[in-house]
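1. from the sequence below, what's the structure:
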Amino acid sequence: MLRELLRVPSGATFDLGSVDPRSTPGLPAKKGRSWARRKLDEGGADFERHQEMLYASAKAADDRRRLLLVLQAMDCGGKDGTVRKVAGRFNPAGVSVVSFGPPTDEEKAHDFLWRIRRALPAPGYVGVFNRSHYEDVLVVRVHGLVPPDVWGQRYDQINAFERELAADGLTIVKVMLHISPQEQLERLRERLEDPTKHWKYKPGDVDERHRWADYQAAYADALARCSTDVAPWYVVPADRKWYRDWAVAHLLRETLVDMDLSYPPADFDMEAEKARLKTEQGAA
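-> Prediction:
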């Protein structure tokens, strides 16, 4: 299973540098871009079927299960593209996408997990976090926004939080989209050269490149310390966008299958209702 190939081992030191951002683990032999894109297109109906079963179970049987995809990456890592290409395969009526930027004054007045709780998907729904609570052990750590003893306690807080959510029916798929500094530089250049992407370019992204090593160390610690059995981390090589999309979609598909979803049975007398409709048909 792809999840086994891409999963970060629980409770171990993790070397993010050992993952080649241009690699394609799990891709069948002799398969490439066109095959991966075709598979992504073909999987849309399967996504919607699982999503409908998830929603139907919540509506008919008071089932609290729901699904959350957490995306983290360096700037230009492909979070927006993944939301569009992969999460876009779900029925938009049953999906909530939340992008977490710098906290507002109201959010700063609460615990760092406060805004996360407010954005969780309801039972029966699929949620996507474009950045997440992990910003509080990544950006906060790299920029020294809080003392080390504060962000250092957050790993355990995050693990406890995710255990609580899992016990309440939330299935969490955490994906780190791993790109190389060379690929990031190329994507920054593309944003400058394409007028339709100027709005995505931020001069501060270039400054952040100077902290690359610090971010890689912060990511490695977060991945190792917060990859648990109930909420494992997966590292997806993301220099090749087509592989990134196929891999994230495949991770979600494997997860949905393991959720063992089904349509809830009827809670009424089936034969009686068929008889009633037959009577209605005769009277029409």
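2. who does G127 bridge with?
-> Here G127 shows beta-bridge partners L68, S96, assigned using DSSP bridges.
3. just the pLDDT for it.
-> Model confidence at G127, given as pLDDT, is 98.
4. any idea how far P237 is from H178?
-> For P237, the distance to H178 (CB to CB, to the nearest Å) stands at 6 Å. Backbone N, C-alpha and C define where each C-beta goes, glycine included.
5. neighbour-wise, which of these two wins?
-> Between P237 and H178, H178 has the larger neighbour count (other CB atoms under 10 Å), namely 28 against 20.
6. wait, that one touches W233, no?
-> No. The pair H178 / W233 is not scored as a contact, 11.0 Å apart, by CB atoms under 8 Å.
7. would you mind measuring from the residue nearest to the spatial centre of the chain to L6?
-> Per CA atoms, centre = their mean, the C-alpha nearest to the average position across the chain is that of L69, at 2.5 Å. According to CB to CB, L69 and L6 sit 14 Å apart.
8. overlap in contacts of P237 and H178?
-> 19, 21 (CB atoms under 8 Å, 6 or more residues apart in numbering).
9. anything in contact with each of H178 and W233?
-> By CB under 8 Å, 6+ apart, no residue touches both H178 and W233.
10. next, count neighbours for the nearest residue to E52 once chain neighbours are set aside.
-> Leaving aside its sequence neighbours, E52 sits nearest to N91 (CB to CB, 6 or more residues apart in numbering; 7.5 Å). Using other CB under 10 Å, N91 has 13 neighbouring residues.
11. also K79?
-> If you count neighbours by other CB under 10 Å, K79 ends up with 21.
12. from what I see, it and N130 are in contact.
-> Yes. K79 is within contact range of N130, at 5.0 Å (criterion: CB under 8 Å).
13. common neighbours of these two, please.
-> Listed as contacting both K79 and N130 by CB under 8 Å, 6+ apart are L71.
14. tell me where the model's unsure across the stretch 151-284 of the chain.
-> For the stretch 151-284 of the chain, the stretches with pLDDT under 70 are 284.
15. do a quick rundown of the helices in the chain.
-> Along the chain, counting by DSSP state H, helices occupy 2-6, 33-42, 44-61, 79-85, 105-108, 114-118, 139-142, 148-151, 154-167, 181-193, 203-209, 212-225, 241-258, 270-283.
16. one step back: would you agree the residue nearest to the centre of the chain is in contact with V128?
-> Yes. Under the criterion of CB under 8 Å, L69 makes contact with V128 at 4.8 Å.
17. so what sits against both of those two?
-> A87.
18. report the contact partners of the closest residue to Y55 other than its chain neighbours.
-> Among residues not flanking Y55 along the chain, G124 sits closest, at 4.2 Å (CB to CB, 6+ apart). Contacts for G124 (CB under 8 Å, 6+ apart) come out as 54-59, 63, 65-66, 94.
19. let's see 7 Å
-> If you count contacts by CB atoms under 7 Å, 6 or more residues apart in numbering, G124 has them with 54-55, 57-59, 66.
20. and for V146?
-> V140.
21. and the residue nearest to E52, how close does it get to L223?
-> N91 is 31 Å from L223, by CB to CB.
22. the residue nearest to D80 when sequence neighbours are not counted: neighbouring residues, count only.
-> Leaving aside its sequence neighbours, D80 sits nearest to N130 (CB to CB, 6+ apart; 6.9 Å). Number of residues near N130 (other CB under 10 Å) recorded here: 19.
23. could you check how far N130 is from M1?
-> 26 Å.
24. next up, phi/psi of T228, please.
-> Dihedral angles of T228 (phi, psi; degrees, to the nearest 10) stand at phi -120, psi 170.
25. Y155 and P265: what is the separation?
-> For Y155, the distance to P265 equals 43 Å [CB to CB].
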